[in-house]
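K.L.:
Fold the following for me, if possible:
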Amino acid sequence: MGGVTFTDLDDLNRQAHAWCERINSRVHRTTHARPVDRLAEEKLLPLPQDFAWERFATEERKVTWDGYVSYDGVLYGLPGTLQLAGKQVQVRERKGLLTVWSAGTQVFAIEKRPRSQESVPHADQWKTVASVSATRRAPTPLGHLQPAPDVESRPLQEYDQYCGVVTMQEVVA
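P.N.:
I've put the predicted structure just below:
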């Protein structure tokens with residue numbers, strides 16, 4: 001469709017649809033049938049929904065340890081209940097909406113911020129993180145209460161003798 005002019009994406013899509021309708025109504029040289037007539041024979045399945053298509057327009061991002069994902073210079077806080085800190089997610093922007101995907105499922109959506117160097121915390125970002133006072137009150141693990149076992153210590157010469165290594169002192173003597 002070289003030389004086509006259009007005003008916006010919707011206009012281009014309308015023109016492409018009209019072209020497809022026109023072409024699919026013609027008799028094909030190879031099959032000697034109109035594609036529109038053969039459509040029922042094809043037994044086509046519907047296109048996959050959601051992430052099956054979204055993944056082609058997404059970008060991989062790693063969620064920071066404090067629960068932020070960076071996109072276009074802005075840090076967006078994710079709800080702590082998602083437990084995505086340190087994990088890879090996919091991020092997509094479409095029509096001013098930023099969506100975050102994890103394991104093929106959309107887990108978060110937020111209006112994209114226009115200004116770079118901004119930080120947008122989420123109200124539940126640290127909901128699952130224990131407070132400092134709760135951490136101090138946490139019991140000491142049992143393994144930390146056990147004394148370290150005694151380890152025998154030997155001079156290295158004993159190992160030399162055991163392995164048959166000749167030392168310089170033995171060569172001189």
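K.L.:
Show me where this protein has its strands.
P.N.:
59-62, 68-71, 74-77, 88-94, 97-102, 105-111, 119-120 (DSSP state E).
K.L.:
Can I get the helix ranked longest in the chain in CSV? Just the C-alpha atoms.
P.N.:
The helix that spans the most residues within the chain, counting by DSSP state H, is helix 9-24. Taking C-alpha atoms only, helix 9-24 is exported to CSV below (Å, rounded to 0.1, in the frame of the first residue of the first chain):
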residue,chain,number,x,y,z
LEU,A,9,-4.0,5.1,13.2
ASP,A,10,-7.8,4.7,13.0
ASP,A,11,-7.9,6.2,9.5
LEU,A,12,-5.1,3.8,8.4
ASN,A,13,-7.0,0.8,9.9
ARG,A,14,-10.2,1.8,8.1
GLN,A,15,-8.3,2.0,4.8
ALA,A,16,-6.5,-1.3,5.4
HIS,A,17,-9.9,-3.0,6.2
ALA,A,18,-11.5,-1.6,3.0
TRP,A,19,-8.5,-2.9,1.0
CYS,A,20,-8.8,-6.3,2.6
GLU,A,21,-12.5,-6.4,1.8
ARG,A,22,-11.9,-5.5,-1.8
ILE,A,23,-9.0,-8.1,-2.3
ASN,A,24,-10.9,-10.9,-0.5
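K.L.:
related to what we said a few turns ago, quick one: closest of the strands of the chain to residue 33.
P.N.:
Closest approach to residue 33 among the strands of the chain (Cβ to Cβ): strand 88-94, 37.8 Å. The C-beta positions use only the backbone N, C-alpha and C, and glycine is treated the same way.
K.L.:
Pull out the buried residues from the longest helix of the chain.
P.N.:
Residues of helix 9-24 classed as buried: none (neighbour count, 16 or more other Cβ atoms under 10 Å).
K.L.:
re earlier: so which of the strands of the chain is the most packed in?
P.N.:
Counting by mean count of other Cβ atoms under 10 Å, strand 74-77 has the highest mean neighbour count of the strands of the chain, with a mean of 20.
K.L.:
Please enumerate residues in contact with it?
P.N.:
64, 67-70, 98, 100, 110, 112-113, 115-122, 125 (Cβ atoms under 8 Å, 6 or more residues apart in numbering).
K.L.:
Now with 10 Å, please.
P.N.:
61, 63-64, 66-70, 91, 98, 100, 108, 110, 112-126 (Cβ atoms under 10 Å, 6 or more residues apart in numbering).
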